[in-house]
Structures are given as structure tokens and as C-alpha cells.
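J.: quick one, fold the following:
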Amino acid sequence: MADDREGTVAELQKKIKEAFEVFDRESNNTVDVREIGTIVRSLGCCPSEGELHDLIAEVEEEEPTGYIRYEKFLPVMTKVLLEKRYRPIPEDVLLRAFEALDPAKRGFLTKEELIKYMTEEGEPFSQEEMEEMLAATIDPETNAIHYKDYITTMMIDDS
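T.: Here you go, the predicted structure:
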């Protein structure tokens, strides 16, 4: 049984290293602190802004430099993945949330509706986050998000 877990840890650490290296622009085992959210999300985690802030605080140097070192990031991220923290919201819950924003049951939200919900409700998105999300979600032809298709693309295969 112990071997199985070690195999998992080694596999997780390989994934973490690969994700980290994508953003290690100078190949010096550091990434810009602002990239951490993207790295964490690329590993299938969906932390809230608050959780992400806590995670960054855990991997940052005593004196923040604006960069995160791989040696500090690896053990923390390994633990996060082993504990299955920041799991994505289940598909059916996401679908219900989108449907609640679409009382007419059209199956889509317009770009304007999406901007309104994401910047005025709950934990508002920043302008930059909003632009990134629109680029990833909005169909340029219809200027709408067909959320069932979008949810399918968001789901990460857990096997």
C-alpha cells in the first residue's frame, strides 16, 4: 500500500513541476507570484481568492520578493493535491447555478449578463479576471456563453 502512495506522490510532483515550469520564464526555479493562481488552477484546483491568498502566504518568502520558489511551492502544492483541497464544484451544482441566472431557460447567458453577474454579485471579478474569463467562455459569433458546453469543458477528468 505504501508503494501506491509514493507512486501517487511522484506522479503529483511531476505534474506540479511541469505546471510550474510553464511559468518559470527564466528557468531559475521561480515564478511570478501573480502566476500562482493560474498554476494552481491548471492542476485542477479551484481555490477562492481568499484560499489562494492563504496558499500564496504559505509559499512566499519571509520577505516577499514578488517571486515564488519551486522548492517552497512543491511541498505545499503536493499536500494540497493529496488532500484534494479546492476541489471543483460538481457539474450539476454548476449547472443549477447557471440556470438560476437564466430564468428564461434559454441555455445561454449574454456577454452583458455575464459581466453584470461577475462584477456586481458576490466576490466581484477584477477587470483583468473578467477579460480572461470572457476570452475563454464567450462564443464570438453569438456573443453569449452556452453554459452546458462551457461546464463540459471545465470538468477535469478525475481518473
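
J.: so where's the chain uncertain?
T.: 1-6, 154-159 (pLDDT under 70).

J.: need the residue closest to the centroid of it.
T.: R41 (2.6 Å; C-alpha atoms, centre = their mean).

J.: pull the contacting residues for that residue.
T.: R41 makes contact with P47, according to C-beta atoms under 8 Å, 6 or more residues apart in numbering. Backbone N, C-alpha and C define where each C-beta goes, glycine included.

J.: which stretches of the chain form strands?
T.: 30-32, 67-69, 109-110, 144-145 (DSSP state E).

J.: starting from the third one, tell me which strands it pairs with and how they run.
T.: Right, strand 109-110. When sheet partners are counted by DSSP bridges, strand 109-110 sits next to strand 144-145 (antiparallel).

J.: can I get the strands of the chain in a markdown table with distance to A100 and mean neighbour count?
T.: Below are the strands of the chain laid out as a markdown table (distance: least, C-beta to C-beta, whole Å; neighbours: other C-beta atoms under 10 Å):
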| stretch | distance to A100 | mean neighbour count |
| --- | --- | --- |
| strand 30-32 | 36 | 19 |
| strand 67-69 | 37 | 20 |
| strand 109-110 | 11 | 18 |
| strand 144-145 | 15 | 20 |
